[in-house]
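K.L.:
structure for the following, please:
(chains A, B, C and D)
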Protein chains: 4
Amino acid sequence: MIKVGIVGATGYAGAELVRLLLGHKEAEIVWYGSKSYVDQKFADVYRNFFQLVEDPCLEDQLEEMAKQVDVIFTATPQGYLASVLTEDILSKCKVIDLSADYRIKDVATYEKWYNLEHKSPQFIEEAVYGLCEVNREDIKKARLIANPGCFTTCSILTAYPLVKDGLIDPNTLIIDAKSGTSGAGRGAKQQNLFCEVNESMKAYGVTTHRHTPEIEEQLGYACGKEILVNFTPHLAPMNRGILATEYASLCQVTLPDGSVGYPTEEMIRASYKKYYDQEFFVRVLDGDTPPETKWVEGSNFVDINFKVDERTHRVVMMGALDNLVKGAAGQALQNMNLLFGLDEKEGLAMAPMFP
Amino acid sequence: MIKVGIVGATGYAGAELVRLLLGHKEAEIVWYGSKSYVDQKFADVYRNFFQLVEDPCLEDQLEEMAKQVDVIFTATPQGYLASVLTEDILSKCKVIDLSADYRIKDVATYEKWYNLEHKSPQFIEEAVYGLCEVNREDIKKARLIANPGCFTTCSILTAYPLVKDGLIDPNTLIIDAKSGTSGAGRGAKQQNLFCEVNESMKAYGVTTHRHTPEIEEQLGYACGKEILVNFTPHLAPMNRGILATEYASLCQVTLPDGSVGYPTEEMIRASYKKYYDQEFFVRVLDGDTPPETKWVEGSNFVDINFKVDERTHRVVMMGALDNLVKGAAGQALQNMNLLFGLDEKEGLAMAPMFP
Amino acid sequence: MIKVGIVGATGYAGAELVRLLLGHKEAEIVWYGSKSYVDQKFADVYRNFFQLVEDPCLEDQLEEMAKQVDVIFTATPQGYLASVLTEDILSKCKVIDLSADYRIKDVATYEKWYNLEHKSPQFIEEAVYGLCEVNREDIKKARLIANPGCFTTCSILTAYPLVKDGLIDPNTLIIDAKSGTSGAGRGAKQQNLFCEVNESMKAYGVTTHRHTPEIEEQLGYACGKEILVNFTPHLAPMNRGILATEYASLCQVTLPDGSVGYPTEEMIRASYKKYYDQEFFVRVLDGDTPPETKWVEGSNFVDINFKVDERTHRVVMMGALDNLVKGAAGQALQNMNLLFGLDEKEGLAMAPMFP
Amino acid sequence: MIKVGIVGATGYAGAELVRLLLGHKEAEIVWYGSKSYVDQKFADVYRNFFQLVEDPCLEDQLEEMAKQVDVIFTATPQGYLASVLTEDILSKCKVIDLSADYRIKDVATYEKWYNLEHKSPQFIEEAVYGLCEVNREDIKKARLIANPGCFTTCSILTAYPLVKDGLIDPNTLIIDAKSGTSGAGRGAKQQNLFCEVNESMKAYGVTTHRHTPEIEEQLGYACGKEILVNFTPHLAPMNRGILATEYASLCQVTLPDGSVGYPTEEMIRASYKKYYDQEFFVRVLDGDTPPETKWVEGSNFVDINFKVDERTHRVVMMGALDNLVKGAAGQALQNMNLLFGLDEKEGLAMAPMFP
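P.N.:
Numbers count the residues shown, from 1 in each chain, chains lettered A, B, ... in the order given. Below is the predicted model of the structure:
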């Protein structure tokens, strides 16, 4: 059995890791780390685990944890892992970081968007961006995984094939994303009270959200150049789910008949199929069916589809995932499976819950 | 592998059976029965199963199904199974009925509350009421299981120990239950539209709801006499979950010190422990913690707790479950596990999903 | 114009008072009192009032306010008004208290249930319990109004006629109430976060909720004796609304034909009509129609109906109101109208909003 | 008193007209038209109006209605009014059409997007597009008002100043809109059931939604040329509200210092102020505050704000309104006020309801 430690197990993403790991046949949690609930029973903090988890919360103590476990998940605020990670820890166990600390290769970019000094830039280079469908082989060999953000996973996977294949102009990319409220965490903030969120929609972090440079970097790798995109997150009155609606101008390309023109729906579908046909967790929907967040709830799936607008020569791409699963804990577990040579689907193959 | 046929697979309870059975190691669905969607892909009706289920919907044809499967689940309207069930079918496979057709032993009571003529009363006697925690041994030997209703499972399990042990007067029992909207089914009715249900609470079927005689019969067995209760269901603006709040007057009993008086909190807790301590799916919560539907969502658990009111000499009992799981498909699967000698928890041990 | 000061204008009930007063033809708010937002623009705290209210929040300074206004509304935590109210204030202006400080005539009862020392018991006697439909004439002559709680208003009005007319045994009364989350206030508490409340139902304060003695006292006046009831509030995933489902045993009475028996549906309906037929804000629904919280949203109406259970000789009474309007700010305004001799409906006659 | 007839009073928009008209001092409804509920009490169809409206539903009979009323509102499916409108009707009373029949000046465009033959194109020319803030003077003189759609009102008003002043390239405009479910109407459709909508987000009508040509036509008038935009509506799990997030590339213009460059935030804000400073119902928010649908709920306000992205030289514009008020019934009433020379705000000045 793989021994697992979780730093920040009492946040929503940490608790979702617990839920998924309880169903994993080859892993067991030996350390439920927490900052605010040390010595309390974990199941008193998340009562869904009553009689399923008897352990208490322990301190978020990375060095000690590293001696006892095979892999550490850190579901912590930005800057935390960077401030405590050491070569010694990495030499003893794998680390899968659900925060943004090692996602962005350029330290200056990180420090600017996060308004934080990076305390251990020496590990950035070796960290592998844990977007499994894109970086699978690198992940298998890594010690340190920078697990992608929820908006980022959805936004990138939805546009990736078309960017990679040069079918859209990445600098025209506009990402309008809608998120369930669990993405805002369990901290007691007035703006996340039921009565403030329910029956309302709003944008936030307009032009300044921290997931923007992460999307730009990864899609930039796909097309081999630096790009700038617009990314706007919205808060939606639901617990889980991210829906990304993405707009981009089609590029003129050589068509099957040799002429030059805008890619057809068939060409675009072929591009998606090329990258995702073998991917269990990415489902390219049929026909005009738009993805819905409810159809992936509780699961590690990303549902994707698109529509070509022949009037404006743009394509509208849509992707949906569960922000706590494929957008956080599920993808982290998928990374763990890759790191330890397990079936990538172990503990993650459950069907979405509907309704 | 146990071969499974589902009649009414395209209702919410049927689709939940599919979700659970996909995670069951020893069963496979070979017949997705439907009335309205014959020949359509099942995954086009419930898109959460896209790429997970490739089968089409077949007709709800019980006789033919019985030749091909080991067990049939019927998730159908009241009266349907009673009108088609035959000895021949029962001789070929087990039948687990999620409708009410064989739940009530007295035909006249059934026909009065359901306003239906019962077409096959000859099977009522042999049908076993599939409340696993109460009738486990009988279930193991049965051919025909009458799977309890969602309100009923919650209402009965919440009060059962105290009724059984004579700690409360069952004729004072008042059950005020709140249900998520999936209990109303997937039929297109104005009253179940989002805008009609959202931001609203109402009672329905006051004094006339069909689950009333089912509760009275089963709790009557527990105390050995006929009883009358008040049961009031309410529609709540949530997808899943039933919360039953139950009130009853305490009976004067012999106390540990030999005097006569009202049972203490310790005595009541001891009664719950006596019946449920060994039950995996019934969780008697600690202290004053009230059950919440969210803590059992997606799981087969029932969470129960109670509070003694020393001023009024009543006890307030509370129970919470997921109406589609322990209240329908999950309990049906638990019954299947019992019928086939499997681990009762197989396919049902997942933790609840929160948030 | 009546000059109005609001102490605690930045809580949900205070802000609802602002909404209603903006539509009142004969009153104007001259003091927006607040504890946490002094000197901030009120419309920055509640952005629905952007460009409608230009005033800043001022301190909650009762003595100074009393010099400038004709009436003070206090929408403050329990104990606050009792600690600052003086004869001098009451001699200068009317005070309508939305807290519980002067609702309960017996100081010991107040101090026990609220776990607070009452700092100005000398005003309790003169305070009039502001349930307009019951105490209208006393209200008109009062200086100090104890505005009833949200659960209380709903619970009392729903049972009042039957208790008053001796048709039910008040000591058998069981009140199962469901409340929208705005009743929990705007304070940043984890338990009231969107993700914790959404898709869930739970009871709270079981057997100990502070509205219990208030209900017992007022219904006790109606029947002329001390009574004990069970009251259980529940948190529902909606912003506004209270639904009270109440159960009581019918009393045997002299029937129209001179025999003794349980009151008929007609007799019960006649009792409701007797007290409410002339009441604009109390609507006794027709036939079997159960009240729904959505049908009174945003309005000062209470919708009531009932159902007789001839099997158990109980009656199930149901009442629905908007907790922030008839359950708080609306009733407070209704009291103001009475105090100043205005049309009782002024500023309150708007239709409920649906959907 | 202005006598009002409503055709389609039993749809959500029709019922909202009733709610608003009940609070209007100079109008009274004399004809509650309906197709499905003729002879039923209107208050039995919308129980929020219990004891407030005693009238029955009458047939949707335009000719007879025209003899009895001063103004007819038609809240009917597309094509209905076009099939029954006559010169005789228009000679007798004003007509305010909440459907799309006379919104689009080019019949071919209408017939293509709506897939309907237009039965009375002779009235299209005279119909005035009832976007009050843009066409106020023409509205005052009209007989026939084409009341704008909900998405359209929000989308146009949010971008109008910048399009009109040439600050953005209208052909780069991308409108990502989120709508509450009441926009889908009260018809009993599976896809609008509570359990299907709750906890989910999805796009619909991608590239083909009928509001697209209406937006293009109106914004085309603003900039004096034909334009093409992308418009994508989304269904959100809330009753009311539309949030439009709009993206466009900034145009290079002459700056205050005489140089050529992208417009600054100040210039953009000045453009909004120029058109909306005197508009009561359009509120341009301060600073970076993003509009939220909850802050306009129940009211006729549109809240607007924007953010400049200096990295991509785009502007993100945001607008929020209540789809049933400013997006339907409220704007229709505003049009009525203009048509009859009343205060434009009469019956519409109420503050939004929060929470």
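K.L.:
near chain B, which residues of the stretch 101-250 of chain A?
P.N.:
Residues of the stretch 101-250 of chain A lying close to chain B by C-beta under 8 Å from any C-beta of the partner chain are A:182, A:199, A:239, A:240. From N, CA and C alone the C-beta is placed, and that goes for glycine too.
K.L.:
mind redoing it with 6 Å?
P.N.:
A:182, A:239 (C-beta under 6 Å from any C-beta of the partner chain).
K.L.:
now for the residue lying closest to residue A:47 once chain neighbours are set aside: which residues touch it?
P.N.:
Among residues not flanking residue A:47 along the chain, residue B:295 sits closest, at 4.8 Å (C-beta to C-beta, 6 or more residues apart in numbering or on different chains). Residue B:295 sits next to A:47, A:48, B:352 when contact means C-beta atoms under 6 Å, 6 or more residues apart in numbering or on different chains.
K.L.:
and residue B:295, how far from chain D?
P.N.:
From residue B:295 across to chain D, the span is 17 Å (C-beta to the nearest C-beta, to the nearest Å).
K.L.:
sorry, back to before: Serialize the contacts of residue B:295 to JSON lines and add fields for pLDDT, distance to residue D:62 and secondary structure.
P.N.:
Shown next, in JSON lines, are the contacts of residue B:295 (pLDDT from 0 to 100; distance: C-beta to C-beta, whole Å; DSSP: H, G, I helix; E, B strand; the rest coil):
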{"residue": "A:47", "pLDDT": "98", "distance to residue D:62": "60", "secondary structure": "helix"}
{"residue": "A:48", "pLDDT": "98", "distance to residue D:62": "58", "secondary structure": "helix"}
{"residue": "B:352", "pLDDT": "98", "distance to residue D:62": "56", "secondary structure": "coil"}
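K.L.:
tabulate those residues (CSV), appending neighbour count and distance to residue A:231.
P.N.:
CSV is the format used below for these (neighbours: other C-beta atoms under 10 Å in any protein chain shown; distance: C-beta to C-beta, whole Å):
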residue, neighbour count, distance to residue A:231
A:47, 20, 36
A:48, 24, 33
B:352, 23, 33
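K.L.:
tabulate the residues you listed (CSV), appending distance to residue B:89.
P.N.:
Converted to CSV, the contacts of residue B:295 look like this (distance: C-beta to C-beta, whole Å):
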residue, distance to residue B:89
A:47, 43
A:48, 39
B:352, 35
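K.L.:
show me where the stretch 201-350 of chain A has strands.
P.N.:
A:202-203, A:230-235, A:242-249, A:253-254, A:260-261, A:282-284, A:302-309, A:314-321 (DSSP state E, counting those that start in this stretch).
K.L.:
the fifth one: how far from the chain's middle?
P.N.:
Computed by C-alpha atoms, centre = their mean, to the nearest Å, the separation of strand A:260-261 from the middle of its chain amounts to 36 Å.
K.L.:
sheet-wise, list the partners of it with their directions.
P.N.:
strand A:253-254 (antiparallel) (DSSP bridges).
K.L.:
what does the second one give?
P.N.:
In the sheet, strand A:230-235 lines up against strand A:174-179 (parallel), strand A:202-203 (antiparallel) (DSSP bridges).
K.L.:
nearest to residue A:211, of these?
P.N.:
When the strands paired with strand A:230-235 are compared by C-beta to C-beta, strand A:174-179 sits nearest residue A:211, at 8.5 Å.
K.L.:
for the closest one, the averaged confidence score.
P.N.:
On average, the pLDDT along strand A:174-179 is 98.
K.L.:
swap in stretch A:325-332?
P.N.:
So the average pLDDT for stretch A:325-332 ends up being 98.
K.L.:
please state the offset of it from the chain centre?
P.N.:
Counting by C-alpha atoms, centre = their mean, stretch A:325-332 comes out at 6 Å from the chain centroid.
K.L.:
for stretch A:38-45, same thing?
P.N.:
The answer for stretch A:38-45 is 27 Å, by C-alpha atoms, centre = their mean.
K.L.:
what's the domain layout of chain A?
P.N.:
A:2-126, A:151-322 (automatic domain parsing).
K.L.:
so which residues of the stretch 51-200 of chain A form helices?
P.N.:
A:62-68, A:80-84, A:87-92, A:107-114, A:132-140, A:150-164, A:194-197 (DSSP state H, counting those that start in this stretch).
K.L.:
and of the contacts of residue B:295, the nearest to residue C:4?
P.N.:
For the contacts of residue B:295, the nearest to residue C:4 is residue A:47 (44.4 Å; C-beta to C-beta).
K.L.:
distance of the closest one from chain D?
P.N.:
20 Å.
K.L.:
what do you get for residue A:149?
P.N.:
18 Å.
K.L.:
residues touching that residue, list them.
P.N.:
residue A:211.
K.L.:
rerun that using 7 Å as the cut-off
P.N.:
A:100, A:211, A:214 (C-beta atoms under 7 Å, 6 or more residues apart in numbering or on different chains).
K.L.:
how far away is it from residue C:111?
P.N.:
52 Å (C-beta to C-beta, to the nearest Å).
K.L.:
quick one: what helix or strand has residue A:3 in it?
P.N.:
strand A:2-7 (DSSP states H and E).
K.L.:
same deal with residue A:29?
P.N.:
Counting by DSSP H and E, residue A:29 is part of strand A:27-34.
K.L.:
what does chain A put close to chain D?
P.N.:
A:174, A:176, A:178, A:195-196, A:199-204, A:206-207, A:228, A:230, A:232, A:236-239, A:241, A:243, A:245, A:247, A:290-294, A:297, A:307, A:309, A:311-312, A:314, A:316, A:318, A:355 (C-beta under 7 Å from any C-beta of the partner chain).
K.L.:
near chain B, which residues of the stretch 251-355 of chain A?
P.N.:
Counting by C-beta under 7 Å from any C-beta, the stretch 251-355 of chain A sits next to chain B at A:283, A:285, A:295, A:298, A:350, A:351, A:352, A:353, A:354, A:355.
K.L.:
picking that back up, show me which of the contacts of residue B:295 is closest to residue C:145.
P.N.:
Using C-beta to C-beta, these come closest to residue C:145 at residue A:47, 41.2 Å.
K.L.:
which residues does the closest residue to residue A:114 other than its chain neighbours contact?
P.N.:
Once flanking residues are discounted, residue A:114 sits nearest to residue A:78: 5.4 Å by C-beta to C-beta, 6+ apart. Contacts for residue A:78 (C-beta under 7 Å, 6+ apart) come out as A:99, A:100, A:101, A:114, A:116.
K.L.:
what is the burial count for the spatially closest residue to the third one that is not a sequence neighbour?
P.N.:
Same thing as residue A:101. Excluding its sequence neighbours, the residue lying closest to residue A:101 (C-beta to C-beta, 6+ apart) is residue A:82, at 4.2 Å. A total of 23 residues lie near residue A:82 under the criterion other C-beta atoms under 10 Å in any protein chain shown.
K.L.:
out of the domains of chain A, indicate the one that is most buried.
P.N.:
With neighbours taken as mean count of other C-beta atoms under 10 Å in any protein chain shown, those reach their highest mean count in domain A:151-322, at a mean of 22.
K.L.:
for the nearest residue to residue A:338 once chain neighbours are set aside, give me its contacts.
P.N.:
Distances taken as C-beta to C-beta, 6+ apart put residue A:139 closest to residue A:338, at 4.7 Å, once the chain neighbours are dropped. Residues near residue A:139 by C-beta under 7 Å, 6+ apart: A:128, A:130, A:132, A:145, A:335, A:338, A:339.
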